[in-house]
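Colleague: The sequence and its predicted three-dimensional model are supplied below.
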Amino acid sequence: MQEVHDLYLFDRKLRQVIFDALQTVEIAMRAHVSYYLAHKYGAFGYVYTSNFSSYFVYHDQWMEGLQSVIDRSREEFDEEALLEFLQSRPLSSAYLDVFREEPLPEDSPLRSCPNCLIMPHASAIAPEFMDFFIEDFLARYAE
């Protein structure tokens, strides 16, 4: 029975290592594809079917799913309620990369909220985007 339990524990650890590695690869691939499309076709290059290989026949379905996720994320985000929460609880914090209005307006109260960190989108973990994030971060917090 101990051997079965040990095999189960090994399998569980192996699955965790594999899933962590796959997630890292998936995020890196998404970032590189996003970076490539943005540099070759502009910020909204992903919108146009003509920018993809003819083998990618699911572009319309992909765009519908993407738009659904974007719409849902913006509908559920109540910036005013978050700001009120953060102001009433100074030890709490928020790290945001999506906003109702993109880009977040310069005069948004969230930008001056000390316990709210405005971050680039998760796909921006690519090295090419880190310079922009670091510059923005330093501009906000170097004062």
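Modeller: Sure, I can see it.

Colleague: contacts, neighbours, all on C-alpha from now
Modeller: Fine.

Colleague: In the helix ranked longest in the chain, which residues are buried?
Modeller: Of all segments of type helix in the chain, defined using DSSP state H, the longest is helix 2-41. Residues of helix 2-41 classed as buried: 27, 28, 31, 32, 34, 35, 37 (neighbour count, 16 or more other Cα atoms under 10 Å).

Colleague: export those to a markdown table and tack on distance to residue 83?
Modeller: Formatted as a markdown table, these follow (distance: Cα to Cα, whole Å):
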| residue | distance to residue 83 |
| --- | --- |
| 27 | 30 |
| 28 | 32 |
| 31 | 30 |
| 32 | 33 |
| 34 | 30 |
| 35 | 31 |
| 37 | 34 |
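
Colleague: what about the strands in the chain?
Modeller: Secondary structure of the chain by DSSP state E: the strands cover 94-96, 116-118.

Colleague: could I get those as JSON lines with mean pLDDT, distance to residue 54 and mean neighbour count?
Modeller: Below are the strands of the chain laid out as JSON lines (pLDDT from 0 to 100; distance: least, Cα to Cα, whole Å; neighbours: other Cα atoms under 10 Å):
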{"stretch": "strand 94-96", "mean pLDDT": "86", "distance to residue 54": "36", "mean neighbour count": "14"}
{"stretch": "strand 116-118", "mean pLDDT": "87", "distance to residue 54": "37", "mean neighbour count": "20"}
